[in-house]
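> My questions concern the predicted model and sequence given below.
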Amino acid sequence: MLKRKTDSRAAQGHRDDGLTLQAVDVTVRFGGLTAVDTVNETLHRGEILGVIGPNGAGKTTFVNALTGFQEPTSGQVKLGQKVISGLSPHWIRRHGVSRSFQAGRLFRDLPVSENVEVAGVSMGLSRRRAHRHAMELIEWIGLKEKARQPAGVLPYTDERRVGIARALAMQPAFVLLDEPAAGMSDLECDDIMRLVKEIPERFGCGVLLIEHNMRVIMGVCERIHVLDSGKTLSRGTPAEVQKDPAVIQAYLGHG
Amino acid sequence: MGYILQVIIDALSLGSLYALAALGIGLLFGVLRLINFAHGDFITLGAYALIVPAYGPNAIRFIADFPAPLLIICTILVIVAIALISEFLIFRPLRYATAATLMVGSFALSFVIQNLIIMIYSGRPKSLNLWSELTEIKFLVGDVEIALLPILIVAVTLILLLLLVLFLKRTPWGVQMRAAAEDFKMARMLGVRANFVISLAFVLSAALAAVVSLLFEAQTGILMFRMGTPLMVFAFIATVIGGMGSLVGSVVGGMTVGIVSSVLQAGLPAEVRGYRDVFVFGLVILILLVRPQGLVLSRAARERV
């Protein structure tokens, strides 16, 4: 019981304390293929960082490395001063680094509300508090009326939003969103953009956003990190990155 | 009228026993994808826990002489302890093995338990009356006497079902178990502790097995080292036709198998009554041909269609 308390405090307690999630020379190799090649990046709380790149650039692998789903072949991932590469995804989630998945992976038989509640109760909240916390998030994503429906019947776009709400449960310090707007219409994208933009202010966390949709990336990100074939191609503000000849070349070159 | 009532109550009480046993299997399958063939032996052990471990031909009463509440608690504790030891020694090391390996592990556990019982208690059946007043108290309905025990079995089952539903729906542990049953990896990623939910599933499953032991022992009055096996077989079939992984399905399946068995027992002509199970299993095959996914679909699957 005692341990659980400490855990939930760890997940809630580090708002605005200058905490960073840092990749130091992170490299991930699969056999002969280098999916992520000596990438450095520091994510701060309160900012939105976009990670873009052509298909196969290593974006998801990079997020996997940051969240413990993939142990880097070399290099380190640090949460504050602590090296977390090599620790389990489970540990990392409990200590404030959360993510969403490309395929929503909701619990289809559970109601929408419980999909979000699970994170709360498993980190030590009572059922009532977890429910209240979940309902706040669900109201925020605009699904209050659907909270009691099984998640399996939700339309695709709602599924993605629940995925975002679930990633934000228990006030993570950092949230990594893997293509939340994939396959959405412009109108639906606007809605996701509005949500993502609100995250730093509302939840005090740092957001790393992987996205293919340039309009979304340019619309919400303060900084952008461009990957190509696993390597850092360019870094900077949206305006800087858009003008970078290397980026233009890479995107045009890949069609 | 009285005779029909008798058949109905017998059918419901047999169905209840199968449903309780099937739930025990279903709970573990849900979380661990383990088809626990040792579940029947947990039931057997629950009955043997009532007597002094001794090889002699007669049963020396031990827990069996405790007052009922204490007797129930002690039996549950013994079976829960055995289930947790099994999980720790056998199923935890096999956690990342395939479902087939887990199942073979449970077969091995089943044989170990049966042979331990033969070693400690001997393989001969022993007689042990438990709560004999339950079978002696009878109500006269029309021209037929109906015993209290089958009615009690149905009532206990309903109460346990209600408690289980409340546990799963209302408690923080219940939410975690349901999430883990649906997508174990995802539940872990959200912070659910794997060891915790798995141990919890074993505890609930074992407690249900212990209750089945007591009800079954009160009904039969006999101890045999394989007494739980037929229950396990029917309960397993019940979970399959109910829809593997659905707890509602386990209950529906258990009730179906129990009711069909009882009705056939009462309705078949005397010459073929001995082959009753042929008809029961024939029906099972038929159900699976028509609905290979089981009788009860998960909520999402149903509402999507």
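Cool, got the structure. Numbers count the residues shown, from 1 in each chain, chains lettered A, B, ... in the order given.

> show me the contacts for the residue of the stretch 1-150 of chain B at minimum distance from chain A.
Nearest residue of the stretch 1-150 of chain B to chain A (CB to the nearest CB) works out as B:G30 at 10.7 Å. All C-beta atoms are positioned from the backbone trio N, CA, C, and that covers glycine. With contact set as CB atoms under 8 Å, 6 or more residues apart in numbering or on different chains, B:G30 has these partners: B:177, B:181, B:201, B:245, B:247.

> Three-state assignment for the second one, please.
For B:A181, the reduced secondary structure class is helix; criterion used: DSSP: H, G, I helix; E, B strand; the rest coil.

> Please look at it and B:L28 and confirm they touch.
No: with contact defined as CB atoms under 8 Å, B:A181 does not reach B:L28; the gap is 10.0 Å.

> need the contacts of B:G30 in a markdown table with distance to chain A and neighbour count, can you?
Putting the contacts of B:G30 into a markdown table (distance: CB to the nearest CB, whole Å; neighbours: other CB atoms under 10 Å in any protein chain shown) gives the following:
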| residue | distance to chain A | neighbour count |
| --- | --- | --- |
| B:M177 | 10 | 24 |
| B:A181 | 9 | 26 |
| B:A201 | 15 | 25 |
| B:G245 | 10 | 19 |
| B:L247 | 11 | 23 |
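
> Which members of these occur in strands, if any?
Judged by DSSP state E, strands contain none of the contacts of B:G30.

> quick check, nearest of those to B:P125?
B:A201 (32.0 Å; CB to CB).

> where does that closest one land on pLDDT?
We have a pLDDT of 95 for B:A201.

> For it, which non-adjacent residue is closest in space?
Nearest non-adjacent residue to B:A201, counting by CB to CB, 6 or more residues apart in numbering or on different chains: B:V31, 4.3 Å away.

> From B:F202, how far off is that neighbour?
To B:F202, B:V31 is 9 Å away according to CB to CB, to the nearest Å.

> what does B:F236 give?
Counting by CB to CB, the gap between B:F236 and B:F202 amounts to 17 Å.

> ok now stretch B:166-174, how far from the chain's centre?
Here the centre of stretch B:166-174 is set off from its chain's centre by 21 Å, with CA atoms, centre = their mean, to the nearest Å.

> That one near chain A at all?
Yes: in terms of CB under 8 Å from any CB of the partner chain, part of stretch B:166-174 sits within range of chain A, namely B:170-173.

> pLDDT, secondary structure and neighbour count added to those, as JSON lines?
Putting the residues of stretch B:166-174 next to chain A into JSON lines (pLDDT from 0 to 100; DSSP: H, G, I helix; E, B strand; the rest coil; neighbours: other CB atoms under 10 Å in any protein chain shown) gives the following:
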{"residue": "B:R170", "pLDDT": "90", "secondary structure": "helix", "neighbour count": "11"}
{"residue": "B:T171", "pLDDT": "92", "secondary structure": "coil", "neighbour count": "14"}
{"residue": "B:P172", "pLDDT": "91", "secondary structure": "helix", "neighbour count": "20"}
{"residue": "B:W173", "pLDDT": "93", "secondary structure": "helix", "neighbour count": "18"}
